[in-house]
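Novice: Compute the structure for the input listed below.
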Amino acid sequence: MIKRIAISSAFLLATGSVFFSVYAVTNQERPALEEPEAVGEMPTIAPEAPTEAHSEAQEGKDLGWTAAEEYKAARMAMAEAEGEDTEGKALVILVIYNRQHSGKFPDTVGGVISQENAFTSYHNGRYDRVKPDADCWAALDLIQIQGWDESQGALYFERTPEDEESTWHSRNLERLFIHGNHTFYTEKEAKAN
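Specialist: So this is what the prediction gives:
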């Protein structure tokens with residue numbers, strides 16, 4: 001078992017001030033996932049008896065994911081947002097969730113992640129080279145245990161372009177917000193005639 005602990009981080013902002021963020025992560029233990037030995041093999045997890053901590057998750061956001069799907073989402077958060085804070089990683093996870101439930105994308109975590117042109121890190125091989133760290137699991141807990149969701153329904157994100165250059169995202173989607181180095185988007189509303 002991997003014991004989760006409270007995670008804190010400090011960020012030096014361009015102004016020279018330091019920003020501290022602390023995320024209270026529960027004392028709940030997360031079963032260690034075994035890394036798949038062969039391509040296509042899913043990580044396995046040993047079952048455990050329900051505990052009081054599991055009832056806390058019901059107060060958060062139930063993503064309805066299996067342990068293998070959680071692992072895939074946490075791994076994608078690492079691949080796409082390794083340098084971001086916990087909330088930045090949680091936003092990547094929420095984009096996966098939002099897409100899965102939008103009716104416009106595949107309806108499985110694996111389908112969303114592997115969809116053509118969906119996630120650069122999946123198609124360039126980075127996803128296969130990384131493993132989720134403690135902060136990725138903290139991001140998942142932030143959503144599932146604390147119910148955090150500031151995604152505003154985002155279905156897309158990209159690395160924030162320098163000098164507000166025009167990108168496919170900025171031309172074709174509705175910009176919602178910027179968090180860290182990523183800009184988040186949703187689809188533009190259809191205009192009434």
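
Novice: ok, residues contacting stretch 165-175?
Specialist: For stretch 165-175, the surrounding residues in contact (CB atoms under 8 Å, 6 or more residues apart in numbering) are 156, 158, 161, 164, 183-189. Every residue, glycine included, has its C-beta placed from N, CA and C.

Novice: List the buried residues for that stretch?
Specialist: Judged by neighbour count (16 or more other CB atoms under 10 Å), stretch 165-175 contains these buried residues: 169, 173.

Novice: returning to what we had before: which of the contacts of stretch 165-175 are buried? Put it as a ChimeraX command.
Specialist: What follows is the ChimeraX syntax selecting those of these that are buried according to 16+ other CB under 10 Å:
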select :156,158,183,184,185,186
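
Novice: from the contacts of stretch 165-175, which is closest to Q115?
Specialist: For the contacts of stretch 165-175, the closest approach to Q115 (CB to CB) belongs to Y156, at 12.0 Å.

Novice: Excluding chain neighbours, give the residue nearest to the closest one in space.
Specialist: Y185 (4.3 Å; CB to CB, 6 or more residues apart in numbering).

Novice: mind checking which helix or strand the one you found is in?
Specialist: strand 182-187 (DSSP states H and E).
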